[in-house]
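> only geometry, no sequence info:
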């Protein structure tokens with residue numbers, strides 16, 4: 001399977017050919033071959049308007065492959081279906097032929113929302129405790145400290161709770177276009 005892309009409008013097109021035992025990276029200057037068993041890490045990225053995958057291998061620079069390409073006019077074009085197929089086929093090859101770690105990056109929007117909900121619940125709980133049992137004025141020093149502690153606890157919990165690894169047979173769909 002072959003997948004072609006450009007990282008930026010001014011850069012040359014790059015083609016990645018997935019073989020049985022290796023992947024070949026074709027640029028206008030040369031061909032670089034990366035054996036699957038030399039790949040030690042794969043990282044899926046979710047950016048604002050596009051997706052990408054970075055392949056780390058022994059003896060080679062990280063290979064950053066994006067879901068978009070640039071046309072002759074310098075306009076970004078999404079290469080969605082070809083990118084999804086490429087990522088799935090690459091994971092299929094790596095599952096059997098490499099001992100890579102599979103990681104996620106980006107997509108912090110859900111973490112922030114959950115953290116803010118947790119902070120709001122903590123703040124509401126602290127204000128309720130202050131008003132009912134301690135008979136303090138609303139937003140007294142104790143409730144501010146308790147609210148700030150709740151916010152910190154919620155942010156810490158969300159950061160630790162969010163997965164950053166995945167199984168190559170179960171690619172998270174929100175990291176694919």
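That came through, no problem. Please read all numbers here as calculations on a predicted model, not as lab measurements. Numbers count the residues shown, from 1 in each chain.
> tell me the domain ranges of this structure?
With domains defined by automatic domain parsing, the chain comprises 2-106, 109-161.
> show me where the protein has helices.
Applying DSSP state H to the chain gives helices spanning 80-97, 109-132, 141-161.
> now do residue 40 against residue 76, distance only.
For residue 40, the distance to residue 76 equals 30 Å [CB to CB, to the nearest Å]. For every residue, glycine as well, the C-beta is placed using N, CA and C.
> list the contacts of the residue minimising distance to the centre of the chain.
Central residue of the chain (CA atoms, centre = their mean): residue 105, 2.6 Å from the mean position. By CB atoms under 8 Å, 6 or more residues apart in numbering, the contact list for residue 105 reads 43, 44, 45, 46, 164.
> from those residues, which ones fall inside strands?
Among the contacts of residue 105, the residues falling in strands (DSSP state E) are 43, 44, 45, 46.
> which of those residues lies closest to residue 59?
residue 43 (18.1 Å; CB to CB).
> run through the bridge partners of that closest one.
residue 54, residue 103 (DSSP bridges).
> surely it touches residue 54?
Yes: counting by CB atoms under 8 Å, residue 43 touches residue 54, with 4.6 Å between them.
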